[in-house]
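Novice: Got a sequence here, can you build the structure:
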Amino acid sequence: MIQRAILVVAIFLAILLALTFGDALLAQAYAWISQLTGWIVHNFADLYAGLRYYLSTHTTKVVLAIALTIPVSWWVFRSREKELRNPANHRKIAIVLAICLGWLGAHRFYLGQIGWGIVYLLILWFFAPLVIVLSLIDAVRYFFMTDEQFTIART
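Specialist: Just a heads-up that it's a prediction; the model follows:
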């Protein structure tokens, strides 16, 4: 159940990022990531203020992203039900989550490793660049694992 919820959140964030950074993708993404990292390093209140500002200035994008997330998630779950249960796809989804949302520990939560996910959030609170590096290391590690090794590692 938590895997489906995380997959829905990942789809939503991917759609929202595509809508937000559609024009000048690299320049905007770089500015957003550096600004977001600066907020997180200083205080979560700054992150809340930034999210609140973003929601107030880009309300239509957020609503459109939510409206698109629901049918896309439904389609993915309906058409790919058997494939989503395949351990190889769990590994692929974990790699994508580690790259895109690894700084939040989303890949660890997706794999059911709640404790490690909380550790990632704590590291994020104290030193954000470290958690980004750790999540990229996890992505590379998952990429080079076989499906059998991945199944053993996630238990």
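
Novice: Give me the next element, helix or strand, following the helix or strand that contains G115.
Specialist: For G115, the host element (DSSP states H and E) is helix 114-126. Per DSSP H and E, the first helix or strand lying C-terminal to helix 114-126 is helix 128-144.

Novice: That next one packs against which elements?
Specialist: Packing partners of helix 128-144 (3 or more CB pairs under 8 Å, 6 or more residues apart in numbering; DSSP states H and E): helix 25-42, helix 87-101, helix 106-110, helix 114-126. Bear in mind the C-beta positions are built from the backbone N, C-alpha and C, glycine included.

Novice: If we go by neighbour counts, what in the helix holding G115 is buried?
Specialist: Within helix 114-126, the residues that qualify as buried are W116, G117, Y120, I123, L124, counting by 16 or more other CB atoms under 10 Å.

Novice: Mean pLDDT per helix and strand in the chain: which one sits at the bottom?
Specialist: Counting by mean pLDDT, DSSP states H and E, the weakest-scoring helix or strand in the chain turns out to be helix 25-42, with a mean of 56.
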